[in-house]
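Participant: Sequence and computational prediction follow.
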Amino acid sequence: MLKIYNTLAREKQTFTPIVAGKASMYVCGMTVYDYCHLGHARVMVVFDMVSRWLRASGLEVTYVRNITDIDDKIIKRANENNETIAQLTQRFIDAMDEDSAKLGVLRPDIEPRATSFVGGMLNMIAVLIEKGFAYAAANGDVYYSVNNFEGYGKLSGKSLEDLRAGERVEVDTFKKDPMDFVLWKAAKPDEPSWESPWGKGRPGWHIECSAMSAHYFGAHFDIHGGGQDLQFPHHENEIAQSEAFNGAAVHSKASHSHDGKPCQMVNYWMHNGFVRVDDEKMSKSLGNFFTIRTVLEKYDAEVVRFFILRAHYRSPLNYSDQHLDDAKVALTRLYTALRGHDVGEPTIDWQHPQAARFKDAMNDDFNTPEALAVLFDLANEVNKTKLAETARLLKSLASVLGLLQRNSDDFLQGEVTETLDVDGLIQARLTAKQSKNFAEADAIRKQLAEAGIVLEDTPQGTTWRRA
RNA sequence: GGCGCGAUAGCAAAGCGGUUAUGCCGCGGCCUGCAAAGCCGUUUAGACCAGUUCGACUCUGGUUCGCGCCUCCA
């Protein structure tokens, strides 16, 4: 039985899909105006892992991850770069695809772009106005009226009163309530815009996700994911929009549909923890972010994936070179255990005690650190017994996490870019050893070590790996 | 100020009311010509103060410290 920590309930709950055997999952993806950083990498890897586990559990998964390709920052950046919005967004969508592919992230089933769903957003806004949840202001903006939605704050645990007391909300004279948020922004000159009943403009950020999830999943779906920072206001606002849209009009049981049942948008809300640098959130506004491609210049992409899955998805994850070095050594241990085992296609006997332990860990709110501990125990077993069957189980279980699927030598040796004749030197060392010329043998080994190559003598001969 | 999360050994990171987490590092041994890898063993824990309990790292309350959200943010 899979249990998921549901942010809405603030507890782990047994996962029961709306439609037996299927799972619908929507994850808030990227706003594409820059390269993805490690925080984005975490979202992609975490929900990739989630979708893989749901599938491994036998569910037919539809995974939707959107792309926000219209927004203030995009417009600003395109102007700065003197390129069109379409050029800018496509450039960074391509970059994102490259980065995520390297991290072993499978493509979501559907990756809708906001600009393709403006019609759906306009419809949603019109219905919200009609039902009394939204109003067009004098400046041409359309706002959502938070006071009219009963459940506002239920996801983030905030009350309107507390939010207002925060006094950090800018006073906007066109809003009826400071907490009201924008559904439709009136266009400024020289900005891209769409025609609407309220004049030219463009959609607010929150309505995009409501419209896109509604398009693919309708009023009700299983899992909605995203980073912790989206809990408020983004996800809170999505709930307000979608549940109001699908429910009855204001003053006639706001958040309930006509048959009296609550029209809940999402059953399970999942939020992954932040990536931190020096115990501070990694973010663009703080400027302390590392892009995925920067990190990949120095570290193997699978090491980064391993590093992310090594921590529980809800825990904070501190980034540092030291931690990545550590992850690299750990992953090397797993690949070393698999070295020399050609195990073929993944197959898992879930009756095997270690497989069962792995499954229990994953079913416990995706406990990947525990699942990885199982892999290390299996590696130890492989090292001791040399059993191909155990090696196969190790590799098969790892495949569920998107790890250890390369040939060991590919990981341990990397691309062959040597100017040194490694094989020749190994052969020369062997000759020296055979004639007991250990000084010569050690000199060769030292020469290779200085080039970053570590030799390992085994009963089957000498192998090498990169330090 | 409001709301929430966390505090585990040198570092990272899980489970668990009583029995080895796991990885890296350190130490001892085996193996090796010597190493490396591997194997065996081993040193370092549970912020602080109370309470519940036969027994608490694990439950409850409080304290301290850290982080996050309340504004764009994955």
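Facilitator: Cool, got the structure.
Participant: A:Gly157: neighbour count?
Facilitator: A count of nearby residues for A:Gly157, using other CB atoms under 10 Å, gives 13. Using the backbone N, CA and C atoms, a C-beta is placed for each residue, glycine as well.
Participant: which SSE is it in?
Facilitator: If you go by DSSP states H and E, A:Gly157 is not part of any helix or strand.
Participant: Would you mind listing the residues in contact with it?
Facilitator: A:Gly157 makes contact with A:Arg10, according to CB atoms under 8 Å, 6 or more residues apart in numbering.
Participant: Whichever residue of chain A sits closest to RNA strand B - how many residues pack around it?
Facilitator: Here chain A gets closest to RNA strand B at one residue, A:Gly227, 1.9 Å apart by CB to the nearest atom of the strand. Residues within reach of A:Gly227, counting by other CB under 10 Å, total 21.
Participant: per-residue pLDDT, it?
Facilitator: With respect to pLDDT, A:Gly227 has a value of 97.
Participant: What sits closest to A:Thr16 if chain neighbours are left out?
Facilitator: A:Asn267 (7.8 Å; CB to CB, 6 or more residues apart in numbering).
Participant: Next one: A:Ala214 from A:Tyr26, what distance?
Facilitator: Separation of A:Ala214 from A:Tyr26 (CB to CB, to the nearest Å) stands at 10 Å.
Participant: Could you check which of those two has the larger neighbour count?
Facilitator: A:Tyr26 (29 against 23).
Participant: Please enumerate the strands of the stretch 151-300 of chain A.
Facilitator: Assigned by DSSP state E, counting those that start in this stretch, the stretch 151-300 of chain A shows strands spanning A:181-186, A:201-203, A:221-227, A:266-272, A:275-277, A:280-281.
Participant: could you give me the average pLDDT of the shortest one?
Facilitator: Averaging pLDDT along strand A:280-281 yields 94.
Participant: ok, and does that strand reach over to RNA strand B?
Facilitator: Yes - legend: contact between strand A:280-281 and RNA strand B by CB under 7 Å from any atom of the strand is shown at A:Glu280, A:Lys281.
Participant: okay, now the closest residue to A:Asp321 other than its chain neighbours: neighbour count?
Facilitator: Leaving aside its sequence neighbours, A:Asp321 sits nearest to A:Lys298 (CB to CB, 6+ apart; 7.7 Å). Look at A:Lys298: counted by other CB under 10 Å, it has 12 neighbours.
Participant: what do you get for A:Tyr35?
Facilitator: 18.
Participant: buried residues in stretch A:35-45?
Facilitator: A:Tyr35, A:Cys36, A:His37, A:Leu38, A:Gly39, A:His40, A:Ala41, A:Arg42, A:Val43, A:Met44, A:Val45 (16 or more other CB atoms under 10 Å).
Participant: can you tell which of the strands of the stretch 151-300 of chain A is closest to A:Ser435?
Facilitator: Among the strands of the stretch 151-300 of chain A, the nearest to A:Ser435 by CB to CB is strand A:275-277 (53.9 Å).
Participant: So for the closest one, mean pLDDT?
Facilitator: Averaging pLDDT along strand A:275-277 gives 96.
Participant: what about it and RNA strand B, touching?
Facilitator: Yes - counting by CB under 7 Å from any atom of the strand, RNA strand B has neighbours in strand A:275-277: A:Val275, A:Arg276.
Participant: just how off-centre is that strand within its chain?
Facilitator: Relative to the centre of its chain, strand A:275-277 is centred 15 Å away, using CA atoms, centre = their mean, to the nearest Å.
Participant: One more: stretch A:275-289?
Facilitator: Worked out by CA atoms, centre = their mean, stretch A:275-289 lies 17 Å from the chain centre.
Participant: got it, and stretch A:336-356?
Facilitator: Counting by CA atoms, centre = their mean, stretch A:336-356 is centred 26 Å from the centre of its parent chain.
Participant: got a list of contacts for the helix or strand of chain A at the bottom of the mean pLDDT ranking?
Facilitator: Ranked by mean pLDDT, DSSP states H and E, the weakest helix or strand in chain A is helix A:160-165, scoring a mean of 85. Applying CB under 8 Å, 6+ apart, the contact partners of helix A:160-165 are A:Val146, A:Asn147, A:Tyr152, A:Gly153, A:Val169, A:Asp177, A:Pro178, A:Met179.
Participant: Ignoring the adjacent residues along the chain, who's closest to A:Gln13?
Facilitator: What sits nearest to A:Gln13 in space, not counting adjacent residues and going by CB to CB, 6+ apart, is A:Asn6, at 5.0 Å.
Participant: Could you give the bridge partners of the one you found?
Facilitator: A:Asn6 has these beta-bridge partners by DSSP bridges: A:Glu11.
Participant: so how far is A:Asp365 from it?
Facilitator: Look at A:Asn6 and A:Asp365: by CB to CB, they are 10 Å apart.
Participant: what touches both of the two?
Facilitator: In contact with both A:Asn6 and A:Asp365: A:Lys12, using CB under 8 Å, 6+ apart.
Participant: How is chain A divided into domains?
Facilitator: Split into domains by automatic domain parsing, chain A comes to A:3-272, A:276-411, A:415-466.
Participant: RNA strand B contacts on the stretch 151-300 of chain A?
Facilitator: Applying CB under 7 Å from any atom of the strand, we find that the stretch 151-300 of chain A lies next to RNA strand B at A:156-158, A:162-163, A:165-166, A:168-169, A:181, A:205, A:226-234, A:272-276, A:279-285.
Participant: Which entries within those residues meet the buried criterion?
Facilitator: For those, buried by 16+ other CB under 10 Å: A:156, A:158, A:163, A:181, A:205, A:226-227, A:230-231, A:233-234, A:272-276, A:281-283.
Participant: Tell me if I'm right that the residue nearest to A:Thr16 and A:Asp222 touch.
Facilitator: Yes - using CB atoms under 8 Å, A:Asn267 makes contact with A:Asp222 at a distance of 5.5 Å.
Participant: Neighbour count: the two, which is higher?
Facilitator: For A:Asn267 versus A:Asp222, neighbours defined as other CB under 10 Å are more numerous around A:Asp222 (23 against 20).
Participant: can you tell me which residues contact the more buried one?
Facilitator: Contact analysis of A:Asp222 by CB under 8 Å, 6+ apart lists A:Phe15, A:Pro17, A:Ile18, A:Ala23, A:Ser24, A:Met25, A:Val266, A:Asn267, A:Tyr268.
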